[in-house]
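1. sequence first, then the predicted structure:
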Amino acid sequence: MDFIDPIKTRAHTTRLLVGYVLIGIAIFLATLILVFVSYGYSYDTKSGEVVQKGLVFVEARPESMDVYLNGGLLRERTTARLLLPTGKYSLELKKTGYRPWKNDFNLEGANVLRYDYPLLFPNDLRTKEVKRYDAQPSVFSESPDRKQLVISHPEDPFVFDIFNSVDKTTPLRTIAIPASLASNPAERGTIKLIEWSNDNRHFLMERNFADLKEFYVIDTLDVALSVNVNTLTGLKYEKVTLNDKRADKLFAVTSEGSVLRSIDTKAKVVSNPLLSGITAYKTFGQD
């Protein structure tokens with residue numbers, strides 16, 4: 001029986017220890033290789049050297065384009081995924097009938113570069129008049145997703161045209177702020193768009209009239225759901241901004257006392273004073 005033979009027992013223990021050490025070394029080497037690979041290192045079979053590489057993603061609109069790197073045409077077309085050694089490169093996108101796009105970049109090892117924004121313009125760029133305005137609109141703004149273009153009527157700042165910037169076949173929409181939303185609607189005054197919410201549906205607007213300021217959260221899909229911040233809270237404000245780009249959460253500084261408060265338009269709740277004596281502030285996320 002081997003388990004009672006001390007010589008064989010020591011030999012068996014030695015084999016186990018050697019096996020554990022070899023397994024540990026294999027795990028260490030595999031981990032080391034994975035770490036180096038994650039940092040972009042690889043073996044170049046042509047030069048026989050270990051080189052560090054980076055990753056480049058190339059996308060383009062409106063159609064797939066030919067990709068040229070340092071003047072040479074690649075097999076890949078946009079969308080392209082390029083694994084390249086560290087170095088300086090010249091990237092060019094071409095397609096018949098379009099103006100070429102070019103950019104020079106320096107690729108560091110283990111870095112990831114993305115070119116998702118290239119927009120190639122046709123050589124024969126033709127425009128089409130959708131609507132003409134006889135005067136300069138006071139509001140001209142694009143939603144964060146760049147799908148809606150909002151333009152106010154020069155003759156009536158309470159009326160807005162909404163253009164679809166992506167689908168040109170979508171007809172123009174016109175919305176009008178209800179007279180019931182504004183106090184003293186006969187006094188139009190001047191307006192300005194402060195900022196869009198991150199839902200690409202609402203925007204915050206400021207109206208100045210008779211030395212007063214009113215703030216509205218405008219719902220572009222259902223204007224009847226728009227909110228007058230002043231009448232909702234019963235307070236006058238000097239400045240109002242969105243809280244974390246949300247349409248139902250606001251920060252506001254009152255005209256009297258310069259008190260900073262937060263407002264929940266959905267719950268119709270105004271917070272206690274957060275700070276007083278405010279001369280200026282800037283939001284950062286929810287703070």
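-> Yep, that arrived.
2. count of residues packed around the closest residue to V166 other than its chain neighbours?
-> Counting by CB to CB, 6 or more residues apart in numbering, V166 lies nearest to K147, which is 5.0 Å off, once chain neighbours are set aside. (Each C-beta comes from the backbone N, C-alpha and C, glycine too.) K147 is surrounded by 14 other residues when neighbours are defined as other CB atoms under 10 Å.
3. same thing with T265?
-> Close neighbours of T265, defined as other CB under 10 Å, add up to 19.
4. need the residues that contact stretch 273-281.
-> Contacts to stretch 273-281, defined as CB atoms under 8 Å, 6 or more residues apart in numbering, come from residues 239, 251, 253, 257-262.
5. enumerate every residue touching the spatially closest residue to V270 that is not a sequence neighbour.
-> Among residues not flanking V270 along the chain, T233 sits closest, at 4.9 Å (CB to CB, 6+ apart). Each residue near T233 by CB under 8 Å, 6+ apart is listed here: 252, 263, 270.
6. and if you look at R201?
-> Taking CB under 8 Å, 6+ apart, we find R201 in contact with 219-221, 247.
7. can you list those residues in a markdown table and add neighbour count, distance to Y68 and pLDDT?
-> Supplementary listing: the contacts of R201 in a markdown table, determined by neighbours: other CB atoms under 10 Å; distance: CB to CB, whole Å; pLDDT from 0 to 100:
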| residue | neighbour count | distance to Y68 | pLDDT |
| --- | --- | --- | --- |
| D219 | 18 | 47 | 96 |
| T220 | 18 | 42 | 95 |
| L221 | 11 | 44 | 94 |
| A247 | 22 | 45 | 93 |
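8. can you pick out the most distant pair from those residues?
-> Of all pairs drawn from these, the one with the largest separation by CB to CB is L221 and A247; the distance is 11.4 Å.
9. how many other residues sit next to A182?
-> Residues near A182, counting by other CB under 10 Å, number 20.
10. an error on my part: the question was meant for I7.
-> I7 has 8 nearby residues by other CB under 10 Å.
11. check V227 too.
-> There are 23 residues near V227, going by other CB under 10 Å.
12. contacts only, for it.
-> 216-217, 265.
13. ok, so of the residues you listed, who is nearest A186?
-> When these are compared for distance to A186, the smallest value, 16.6 Å, is given by Y216; criterion: CB to CB.
14. okay, and that closest one sits in which element?
-> Here Y216, judged by DSSP states H and E, is contained in strand 212-219.
15. sheet partners, orientation included, of that strand?
-> strand 202-209 (antiparallel), strand 227-228 (antiparallel) (DSSP bridges).
16. which residue sits closest to R188 in space, ignoring its chain neighbours?
-> Ranked by CB to CB, 6+ apart and with sequence neighbours excluded, the top spatial neighbour of R188 is P157, at 5.8 Å.
17. so K88 touches L69, yeah?
-> No. The criterion here is CB atoms under 8 Å, and K88 misses it with L69 at 11.2 Å.
18. more crowded one of those two?
-> Neighbours were tallied for K88 and for L69 using other CB under 10 Å; the higher tally belongs to L69 (17 against 9).
19. surely that one touches L91?
-> Yes. Applying CB under 8 Å, one finds L69 in contact with L91, separated by 6.1 Å.
20. okay, and the common contacts of those two?
-> Looking at what touches both L69 and L91 (by CB under 8 Å, 6+ apart), there is no common residue.
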